[in-house]
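Participant: what's the 3D shape of this:
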Amino acid sequence: MNKVMNTKIWLIIIALMHTVMGVLLPMLEHGNINNLGIFLYFLILSVHLFYIIIFTKNQIQDRLGVVLCAPMVIWFVVSAIMKLEMYGFPIAPMPDTLIPIIFWSMPVISGIYNWNSDKNK
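Facilitator: Now for the predicted structure:
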């Protein structure tokens, strides 16, 4: 159970997936000066994720994982319910969005699980 509830592992998975699928691939596909702002915003989120992974540990990492990832889960759910679009494409088409919701939820769940834990990971 401890390996599944390791916030750092989930943050690494999310950071790598977000950087590749949220920044690099869309930039190659839709890359023009009009979309630069959204790519930079997504890149900033990746930088925050890598900061948490590299420079924090234990309770601080768990708590920052919750604080940073919970709004993303909410954003995906709201986007799915409201059928919001980005670049003319749905942000969260169901059932395709279930995988990102699960992945973004795991650092939240493991962070809450380990919120007051003092053990070293």
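Participant: Could you use CA atoms for every contact and neighbour count after this?
Facilitator: OK.
Participant: do you know how far residue 107 is from residue 10?
Facilitator: Per CA to CA, to the nearest Å, residue 107 is found 5 Å from residue 10.
Participant: Show me which parts of the helix or strand of the chain with the lowest mean pLDDT are buried, residue by residue.
Facilitator: Per-element confidence for the chain was summarised using mean pLDDT, DSSP states H and E. The lowest value among helices and strands belongs to helix 25-30, with a mean of 82. By neighbour count with 16 or more other CA atoms under 10 Å, helix 25-30 contains the buried residues residue 27.
Participant: next one: stretch 111-118
Facilitator: By neighbour count, with 16+ other CA under 10 Å as the criterion, the buried positions of stretch 111-118 are 111-112, 114-115.
Participant: mean confidence for that stretch?
Facilitator: When pLDDT is averaged along stretch 111-118, the result is 89.
Participant: Determine how far the last residue of that stretch lies from the first.
Facilitator: The first and final residues of stretch 111-118 sit 12 Å from each other (CA to CA).
Participant: Tell me where the chain has helices.
Facilitator: With helices called from DSSP state H, the chain shows them at 7-17, 25-30, 36-55, 58-82, 98-113.
Participant: out of those helices, nearest to residue 92?
Facilitator: The minimum distance between residue 92 and the helices of the chain falls on helix 58-82, with 4.7 Å, by CA to CA.
Participant: which regions of the chain lie under the pLDDT threshold?
Facilitator: Using pLDDT under 70 as the threshold, the predicted model of the chain has low-confidence ranges 1, 119-121.
Participant: which residues sit in contact with the residue nearest to residue 42 when sequence neighbours are not counted?
Facilitator: Closest residue to residue 42 apart from its sequence neighbours, by CA to CA, 6 or more residues apart in numbering: residue 23 at 6.1 Å. For residue 23, the contact set (CA atoms under 8 Å, 6 or more residues apart in numbering) comprises 39, 42-43.
Participant: roughly how far apart are residue 23 and residue 59?
Facilitator: Using CA to CA, one obtains 29 Å as the distance from residue 23 to residue 59.
Participant: Then residue 15?
Facilitator: Residue 15 sits 19 Å away from residue 59, taking CA to CA as the criterion.
Participant: ok, back up a step: could you dump the buried residues of stretch 111-118 to JSON lines with distance to residue 79?
Facilitator: As requested, the buried residues of stretch 111-118 are arranged in JSON lines below (distance: CA to CA, whole Å):
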{"residue": "111", "distance to residue 79": "24"}
{"residue": "112", "distance to residue 79": "24"}
{"residue": "114", "distance to residue 79": "29"}
{"residue": "115", "distance to residue 79": "28"}
